[in-house]
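# only geometry, no sequence info:
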């Protein structure tokens, strides 16, 4: 690891956290939360503010508010992006954060990291037009364009390592149990 | 189906679309997109504007811009929510939109639909502290609070049907293939 590269990631703090949490697994148990309020139609407002981690309640610096709706081609108002698009927002940002962290750890200076994430979706599933069609994405494609002081091979290795440690890549690639309750 | 309930969802248009798309599967092929730009550290800005569907390029009414970062407890700047939290934003809004659509189809008047979505996450996975811990959520819990002109059983049935047709519920419950390329 060289000290010349500065991508703005405090890798030492993350390496220290890794060591500390190896001996304190209970502190590593986080709970992320989002709260939503229906606005009429298929329009929902979602807020994200607090979470649990390191053994106690935590807060983001600011509350974030998001709007979700369906587009006009679904006979809706388009007062926000479609819920499924939020998954692509999460995937793009998680993989990009991973690229920056791995680059820092490897002493590679980044200049730009752009990504386009595309999710193919056969909407016959959600409409109930064909029971053989799944409701979610058929597949997802991520295309990175990265300018860095490194070879093409080293850049590809950054992206590969980012995938291996990405929370969102795993959450979308592999199944998760979801319990739904009515209070 | 009664006509008394008005939840603001144009169910007839959706039922019509279902019939049309049964005979035109190519029109049902959508591609959702998000584009991201790294801002330094683990901070990324993501924009969502256009998508493909009904056989042609489409646009949201407005471009939406999102910020993703890591919280201060991860030694970052917290200039946006964490990428994995965007998955919870999508899940809350998708299930809520489904509840509204199904309620409209069943003639049930909704008054309020609130949800809290919680994702349990053992961060030892992403930190590489324990290779037996997955990177994504351990599990997700959704708790609905719904006020509607309906019995508890009918409300629970709305939520169950919403899960069955939810794009995001499927995308998080079941695996999706993700291809990552460097341009």
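Alright, I've got the coordinates. None of the values given here were measured: they were computed from a predicted structure.
# switch to C-alpha atoms for all contacts and neighbour counts from now on
Will do.
# Counting neighbours, which bits of the lengthiest helix in chain A end up buried?
In chain A, ranked by residue count with DSSP state H as the criterion, the top helix is helix A:83-105. Neighbour counts over helix A:83-105 (16 or more other CA atoms under 10 Å in any protein chain shown) mark A:83-105 as buried.
# which stretches of chain A have low pLDDT?
Low-confidence segments of chain A (pLDDT under 70): A:1-3.
# And the helices in it, which stretches?
Under the criterion DSSP H, helices of chain A are mapped to A:11-22, A:83-105, A:124-127, A:152-164, A:167-173.
# who wins for proximity to residue A:5 among these?
Of all the helices of chain A, it is helix A:83-105 that lies closest to residue A:5, at 6.5 Å by CA to CA.
# and the closest one with helix A:152-164, angle?
120 degrees (axes from the mean of the first three to the mean of the last three CA atoms, to 10 degrees).
# Residue A:48 is in contact with residue A:59, correct?
No. Judged on CA atoms under 8 Å, residue A:59 makes no contact with residue A:48 at a distance of 9.3 Å.
# which of those two has more neighbours?
residue A:48 (24 against 16; other CA atoms under 10 Å in any protein chain shown).
# That one against residue A:34, yeah?
Yes. Look at residue A:48 against residue A:34 with CA under 8 Å: they come within range, at 4.9 Å.
# what sits in contact with each of those two?
residue B:85 (CA atoms under 8 Å, 6 or more residues apart in numbering or on different chains).
# What residues does residue A:80 make contact with?
Shown in contact with residue A:80 (CA under 8 Å, 6+ apart): A:43, A:66, A:67, A:68, A:69, A:70, B:64.
# do the same with residue A:137
By CA under 8 Å, 6+ apart, the contact set of residue A:137 is A:119, A:120, A:121, A:122, B:167, B:171, B:176.
# and the residues you listed as a markdown table, adding neighbour count?
Shown next, in a markdown table, are those (neighbours: other CA atoms under 10 Å in any protein chain shown):
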| residue | neighbour count |
| --- | --- |
| A:119 | 24 |
| A:120 | 18 |
| A:121 | 25 |
| A:122 | 23 |
| B:167 | 26 |
| B:171 | 26 |
| B:176 | 22 |
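# can you list these in JSON lines and add distance to residue A:150?
Output for the contacts of residue A:137, formatted as JSON lines (distance: CA to CA, whole Å):
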{"residue": "A:119", "distance to residue A:150": "29"}
{"residue": "A:120", "distance to residue A:150": "32"}
{"residue": "A:121", "distance to residue A:150": "35"}
{"residue": "A:122", "distance to residue A:150": "39"}
{"residue": "B:167", "distance to residue A:150": "39"}
{"residue": "B:171", "distance to residue A:150": "35"}
{"residue": "B:176", "distance to residue A:150": "31"}
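# Let's see which of the residues you listed end up in strands.
If you go by DSSP state E, the contacts of residue A:137 have A:119, A:120, A:121, A:122 in strands.
# Bridged to the third one, which residues?
Under DSSP bridges, the beta-bridge partners of residue A:121 are residue B:30.
# is it true that it touches residue A:140?
No. Using CA under 8 Å, residue A:121 is not in contact with residue A:140, being 9.1 Å away.
# which non-adjacent residue is nearest residue A:112?
Nearest residue to residue A:112, sequence neighbours excluded (CA to CA, 6 or more residues apart in numbering or on different chains): residue A:147, at 5.1 Å.
# does chain B sit close to the longest helix of chain A?
Yes. Helix A:83-105 reaches chain B (CA under 8 Å from any CA of the partner chain) through A:83-94, A:96-98, A:100-101.
# cool, stretch A:63-74 as well?
Yes. Contact of stretch A:63-74 with chain B (CA under 8 Å from any CA) involves A:64, A:66, A:68, A:69, A:71, A:74.
# Now do the end-to-end distance for that stretch.
One end of stretch A:63-74 to the other measures 30 Å (CA to CA, to the nearest Å).
# what do you get for stretch A:67-77?
End-to-end distance (CA to CA), stretch A:67-77: 12 Å.
# Pick out the residue nearest the middle of chain A.
By CA atoms, centre = their mean, chain A has its centre lying nearest to residue A:90, at 2.6 Å.
# Now that that one has come up, it's in contact with residue B:88, right?
No. If you go by CA under 8 Å, residue A:90 and residue B:88 don't touch, sitting 9.7 Å apart.
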